[in-house]
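**Q** give me a model of this one.
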Amino acid sequence: MECMAAAGEDGRIKLGHIHGDCARIWVDNREYGVIWGPAWVITGLTEGIHRITAELVPSTFNSYGPHHHMEGDRHVISPAQYEGVKNFADSEESPACTKVPQWHFRKFGIGREI
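**A** Purely as a prediction, here's the structure:
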């Protein structure tokens, strides 16, 4: 994704509508580095208009799951969660069977121009 964006006096550009784990950023065709959500902020720029290029990195959850866990994308997983068996990674209130028929995925992409 590429766009033009304005940095204010504080030298910051806040990107929005991004759904991913992180983004590799280039500013004015020079590599800036990696930024993370939910803030999605580029800092240390001079005031003015800059060409921003973003390469979005997806969540591994969409590739590896578990896609049928009752809570969807978990911050911690274990092999038992792929089988739907309650274990140490689940809350105490979870039922013995945590597998549900619904599929769970995380949004990925840029919702509109950043």
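**Q** contacting residues around whichever strand or helix holds Arg24?
**A** Here Arg24 sits within strand 22-27, counting by DSSP states H and E. Strand 22-27 has contacts (CB atoms under 8 Å, 6 or more residues apart in numbering) with 15, 31-37, 40, 42, 45, 50-57. (Glycine included, C-beta is placed from N, CA and C.)
**Q** any idea how far that strand is from the middle of the chain?
**A** 13 Å (CA atoms, centre = their mean, to the nearest Å).
**Q** direction included, what does it pair against?
**A** Paired with strand 22-27 in the same sheet, following DSSP bridges, are strand 30-36 (antiparallel), strand 48-57 (antiparallel).
**Q** how about the longest one as PDB, C-alpha atoms only?
**A** So that's strand 48-57. Extracted in PDB, the C-alpha atoms of strand 48-57 (Å, rounded to 0.1, in the frame of the first residue of the first chain):
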ATOM      1  CA  GLY A  48       5.400  18.100   5.700                       C
ATOM      2  CA  ILE A  49       4.100  15.700   3.100                       C
ATOM      3  CA  HIS A  50       5.700  12.200   2.900                       C
ATOM      4  CA  ARG A  51       5.300   9.200   0.700                       C
ATOM      5  CA  ILE A  52       4.400   6.200   2.900                       C
ATOM      6  CA  THR A  53       4.700   2.600   1.800                       C
ATOM      7  CA  ALA A  54       3.400  -0.100   4.000                       C
ATOM      8  CA  GLU A  55       3.800  -3.900   3.800                       C
ATOM      9  CA  LEU A  56       1.300  -5.500   6.100                       C
ATOM     10  CA  VAL A  57       2.200  -8.700   8.100                       C
END
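**Q** quick one, helices of this protein?
**A** 61-64, 79-83 (DSSP state H).
**Q** can you add mean neighbour count, mean pLDDT and distance to Ala6 and give those helices back as JSON lines?
**A** What follows is the helices of the chain, written out as JSON lines (neighbours: other CB atoms under 10 Å; pLDDT from 0 to 100; distance: least, CB to CB, whole Å):
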{"stretch": "helix 61-64", "mean neighbour count": "12", "mean pLDDT": "82", "distance to Ala6": "33"}
{"stretch": "helix 79-83", "mean neighbour count": "15", "mean pLDDT": "89", "distance to Ala6": "45"}
